[in-house]
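Student: Return atomic coordinates for the entry below.
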Amino acid sequence: MVEDKSGTFANKIVISKVFMPFCLENYTTRNMDEYAVASEISVVDVYDIASEIGKECEKLIDSYGVESVTNLMPKVIHALEILENLATKNERENTTVQELRSKISQLENDKIGKAEDRQRFEKELEQIEEHWRQESRDLVEMVNRLQEENRRLSEALQESRSDSQYSNKQMNALSAFTASQEVDVAVLQHLRSMIDKQREQIRGRDKEMLQKTMELENLTAQVEKLGVVGRELKRKQRQAQMQARGLVEERADFLAQLQDQNRELINLRARLGLARKENEDLSKVQNYPDLTNKAVYDLDDPDRPRFTTAELKEILHERNELKARVSDLEDELELYRPKPEPVEEDAPVQGPLPYEPDDAPWKKSSESGIRKFFRKIFSESSSSFLVGSSPRRSLSSLSKMALSGNSTYDESV
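Tutor: Here you go, the predicted model:
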């Protein structure tokens, strides 16, 4: 029997080693095709992959035992942790890239606007300078002309003094001088009006430049406010992602606890069935007729007594212990059964999420959710395996007692 058991266990190990790559290959080809559609993998996708791998590992553990996945799971957990870190880094880098792109576009728009304003201002300044140059040239020509007329009039005045007809010429010169003075006054008034007009235009240009500068400052302030709002929204988005990550880890823990409870219920039911079977066997043994102090036995009767009084007392004592164990197991099973909880209708939470404190418990955790998830699976499977070995011991003890009873009966015959 020992050789058969060891052989079957070795066959199971060989089968698990042979079919393990095919199972993993089928899993990867099926589930990786589902996740290959997305261009980027998030942390939630990594936890979904971990959940699927955990389910497949549970199937392997239930079929072939814990030893079939003991050497494989540390590598899988390490790969999933690396994938989780890469997904987190990818999300952080994508956020940084988006921020940098928005800043670059904002700076490019500011640069283009400033270049356009600078070109417009340069054109206006060139026009104003050209206008001032033209006016200065006109004024210089007018001054030269007036100087020429003044020189000519002074020469005419000197010639008129030497002439005998001084008075007539003087009167003519004075009339011409007054006429030229009137012309000069009209020209000067015209120039003053033009200068005043140019000054008004310059003041208007200055006002327009001041308004444009104020508008540019207002737009810059609005851009800065929008940048602050965008950074605040990105911070809230990161907080929401961290909260979602914490919720995913809690969901994984709850699923692991639920699976552990289901596994414990299955083990308790199996133990209860074995205990009931042993109780039925002991009740059948107790219902045998008492053939003590009898000398005649039917050797062909299968119901002939095979136990001594001490052995029967021991069996009855063990039966009572098993009954007590059965009652304890039934009480424990009643405790583990899910109880219907009253449905509480809570109003939906509205408003922004509260600020996440820096000393949150999930921030201080040194282990990842994937490692805790698989640690729970392996710890509970090993404990269930140990618990499931106790009924076999009780059955083996009963079989030993039956064999000892047969040997004593043969010796007495």
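Student: what comes up buried for stretch 79-92?
Tutor: 80-81, 83-84, 87, 91 (16 or more other Cβ atoms under 10 Å). (C-beta placed from N, C-alpha, C; glycine too.)
Student: Save the residues you listed as CSV, and put in distance to Asn267 too.
Tutor: Putting the buried residues of stretch 79-92 into CSV (distance: Cβ to Cβ, whole Å) gives the following:
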residue, distance to Asn267
Leu80, 28
Glu81, 31
Leu83, 33
Glu84, 32
Ala87, 36
Glu91, 41
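Student: Out of the residues you listed, which sit inside strands?
Tutor: Using DSSP state E, no member of the buried residues of stretch 79-92 falls within strands.
Student: Could you dump the residues you listed into CSV with pLDDT and distance to Ala240 added?
Tutor: As requested, the buried residues of stretch 79-92 are exported to CSV (pLDDT from 0 to 100; distance: Cβ to Cβ, whole Å):
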residue, pLDDT, distance to Ala240
Leu80, 87, 23
Glu81, 87, 23
Leu83, 88, 22
Glu84, 85, 18
Ala87, 86, 16
Glu91, 84, 12
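Student: Nearest to Glu99 among these?
Tutor: Taking Cβ to Cβ as the measure, Glu91 is the one of the buried residues of stretch 79-92 closest to Glu99, at 12.9 Å.
Student: contacting residues for that closest one?
Tutor: Glu91 makes contact with 42-43, 241, according to Cβ atoms under 8 Å, 6 or more residues apart in numbering.
Student: Kindly reformat those as CSV and extend each row with secondary structure and pLDDT.
Tutor: Shown next, in CSV, are these (DSSP: H, G, I helix; E, B strand; the rest coil; pLDDT from 0 to 100):
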residue, secondary structure, pLDDT
Ser42, coil, 80
Val43, helix, 81
Gln241, helix, 87
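Student: Any chance of a ChimeraX selection covering the buried ones in the residues you listed?
Tutor: The following ChimeraX line selects those of the contacts of Glu91 that are buried, judged by 16+ other Cβ under 10 Å:
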select :42,43,241
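Student: and Asp260, how far is that from Asn267?
Tutor: 11 Å (Cβ to Cβ, to the nearest Å).
Student: Find the nearest non-adjacent residue to Gly230, please.
Tutor: Leaving aside its chain neighbours, Gly230 sits nearest to Ser102 (6.8 Å; criterion: Cβ to Cβ, 6 or more residues apart in numbering).
Student: Quick check: that neighbour vs Ile41, distance?
Tutor: Computed with Cβ to Cβ, the distance linking Ser102 and Ile41 is 24 Å.
Student: neighbour-wise, which of these two wins?
Tutor: Ile41 (18 against 15; other Cβ atoms under 10 Å).
Student: Just say helix, strand or coil for Lys111.
Tutor: helix (DSSP: H, G, I helix; E, B strand; the rest coil).
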